[in-house]
Structure formats: C-alpha cells, structure tokens
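# Fold the following for me, if possible:
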Amino acid sequence: MSARRVSLVQQRQHPLREHYRSAPADAWISDGAQTVSACGGDPFHGVVVPANATDAPVQFGIHRAVGGFHDYPNPGDLLCAALAACFDSTLRMIADHHGIRLEYLEVEVTAECDVRGCLMIEGAVPVGFQRMRCGVRLQTKDHVDEDTIKMLLVAAERTCVVMQTLRNGVAFQTQLETSDAATAIAAAARADLRDTL
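Alright, predicted model coming up:
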C-alpha cells in the first residue's frame with residue numbers, strides 16, 4: 001500500500017504552521033498598493049501598483065454611474081477581483097491539502113451599490129457596497145461526496161482573508177502627509193513608472 005501523497009500545500013504550509021506556533025509575531029504580514037500621482041490630469045483615470053507587483057501597474061477607471069467612462073476596471077471591480085482571487089486560491093489550497101483533485105473551478109464575485117450615498121444625494125443611503133455575492137462553479141476529477149464538498153466550501157469561507165475582512169470589517173485609519181519630501185517621492189515614482197510602461 002502506497003503512502004498518501006504529500007500535497008504541495010502541505011509541503012509549503014506545514015513548516016510555516018510549526019514556525020508560527022512557536023513564533024506568533026512572525027505570522028504578521030503586510031500587503032499593500034500605491035497609486036501613481038496623476039494630479040492635474042483626468043480625475044476619472046489612474047494607475048495603481050500592487051506592493052508585490054511593482055512591474056505590473058494596473059490602470060483603473062471610474063464607474064459611469066458616478067461620472068466616469070467605465071473603460072478600465074474600477075475600484076469596485078478590483079475589490080471583487082481581490083475577493084475572487086483570494087477565495088479561488090483558498091478553495092484550491094484546501095482541496096490540495098485534502099487530496100481533492102479539482103477538474104474545474106471558477107469564482108465569480110459581484111457587488112451592488114446605490115451610488116446616491118457616494119454622490120451625497122441621499123444621506124440615508126450608506127456609502128459602500130450594500131450586497132456582495134460569491135458564486136462558485138466547481139467540478140472534481142474524482143467522485144467526491146456532497147458532505148466533503150460542503151466541508152471544502154465552509155473551510156474556504158472560514159479561512160479566506162479577503163472574505164472574512166469584508167464580513168467582519170477592519171480597523172482603518174487615514175494618514176495625511178504634506179511635505180516637499182512627499183512631492184519628491186511622488187515625482188520619483190512617476191519617473192519609475194514611465195520607465196516601465
């Protein structure tokens with residue numbers, strides 16, 4: 001009888017789990033993104049650079065419902081993309097860990113917002129998305145019973161960082177910096193971006 005295969009997820013995560021049990025402070029990570037200054041130009045378009053993809057700037061636009069041209073992904077699309085990406089990879093990691101071979105997986109996220117709050121037309125309308133839906137289309141390579149599929153979905157919902165952040169909220173603060181140093185940093189970032197585009 002052959003031993004059960006050690007999945008890629010187990011190989012990568014087992015040492016991390018052991019390490020974080022003894023050094024919990026090391027489990028703190030930081031993700032981020034930064035826009036490239038586009039002052040004086042079109043306020044309905046911009047560029048954002050994810051922290052771990054400095055060579056992959058993302059152009060964004062603003063939704064036509066608030067005056068934009070809707071010609072590039074808008075911030076709401078990027079939020080949906082973040083949830084879809086996180087939930088997709090979480091499902092695949094858990095499936096891999098449990099030896100569930102996936103034939104097909106597609107995650108589709110939609111978000112709905114009444115923009116009257118954003119445009120300050122109606123004070124009773126909250127600013128933000130009022131509803132989000134996450135649809136999953138999944139097919140396994142081998143027969144997997146319904147309870148196992150439910151376990152996979154529940155475990156993914158419980159451990160998907162973006163989903164749990166959206167469901168539970170997060171402490172947030174805005175910090176303003178105005179200085180010549182900030183202007184110099186922004187100018188250097190613009191120059192770097194021009195070199196990469």
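# quick one: the helix or strand containing His19 to chain centroid distance?
Taking DSSP states H and E as the definition, His19 sits inside helix 8-22. Taking the mean of its C-alpha atoms, helix 8-22 sits 23 Å from the chain's own mean (C-alpha atoms, centre = their mean, to the nearest Å).
# the bottom helix or strand of this protein by mean pLDDT?
helix 180-196 (a mean of 61; mean pLDDT, DSSP states H and E).
# quick one, strands of the protein?
Under the criterion DSSP state E, the chain carries strands at the ranges 33-35, 45-50, 58-61, 102-112, 131-140.
# Which among those strands is found nearest to Ala95?
Counting by C-beta to C-beta, Ala95 lies closest to strand 102-112 out of the strands of the chain; the figure is 5.3 Å. C-betas here are computed from N, CA, C, even on glycine.
# Show me the shaky parts of this protein.
1-4, 180-197 (pLDDT under 70).
# So Lys141 sits against Leu102, correct?
Yes. The pair Lys141 / Leu102 is scored as a contact, 6.9 Å apart, by C-beta atoms under 8 Å.
# okay, these two: which has more neighbours?
The residue with more neighbours, out of Lys141 and Leu102, is Leu102; 16 against 10, by other C-beta atoms under 10 Å.
# hey, what's that one bridged with?
Thr140 (DSSP bridges).
# if I look at it, how far off is Ala81?
20 Å (C-beta to C-beta, to the nearest Å).
# Please apply the same query to Thr159.
19 Å.
# Next, count neighbours for His45.
So His45, with other C-beta under 10 Å, has 15 neighbours.
# Which residue comes closest to it once chain neighbours are left out?
Gly61 (5.4 Å; C-beta to C-beta, 6 or more residues apart in numbering).
# Gly67 is in contact with that neighbour, correct?
No. In this structure, Gly61 is not within contact of Gly67 by C-beta under 8 Å, at 10.8 Å.
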